[in-house]
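Colleague: the amino acid sequence is not available; the structure is as follows:
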């Protein structure tokens with residue numbers, strides 16, 4: 001697969017964890033009055049929201065000519081989840097710190 005065929009998927013998966021996952025997580029904790037969730041609680045909730053996008057990640061699966069990109073999407077999504085869970089996603093970690101500072 002060429003780089004230009006992956007470009008948009010790469011950008012989306014760079015942004016989705018913190019733009020969608022962290023944003024919805026922050027809203028969830030605020031609405032529940034949780035001012036000091038642990039990092040692990042925050043990360044777990046980010047992953048929950050990211051996993052709600054699974055139907056989107058699967059839209060190209062099973063279509064003729066899309067096997068390679070579909071496999072790439074799943075691999076990249078799983079990698080992002082591992083990064084979040086292990087505290088390696090810097091943007092998610094930054095948003096956790098910001099939530100604790102500003103709630």
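Modeller: Ah, there it is. Fair warning: this is a prediction, and the values are worked out from it, not measured in the lab.
Colleague: SS state for residue 42?
Modeller: helix (DSSP: H, G, I helix; E, B strand; the rest coil).
Colleague: now it, nearest residue through space, not along the chain?
Modeller: Excluding the flanking residues, the one nearest residue 42 by Cβ to Cβ, 6 or more residues apart in numbering is residue 96, at 4.7 Å. Quick note: C-beta positions are derived from backbone N, CA and C, even for glycine.
Colleague: please apply the same query to residue 85.
Modeller: Once flanking residues are discounted, residue 85 sits nearest to residue 43: 5.8 Å by Cβ to Cβ, 6+ apart.
Colleague: list the contacts for the one you found?
Modeller: By Cβ atoms under 8 Å, 6 or more residues apart in numbering, residue 43 lies in contact with 84-85, 87, 92, 96.
Colleague: weed out the non-buried ones from those residues.
Modeller: Among the contacts of residue 43, those buried by neighbour count (16 or more other Cβ atoms under 10 Å) are 84, 92, 96.
Colleague: of the residues you listed, which belong to strands?
Modeller: Residues of those located in strands (DSSP state E): none.
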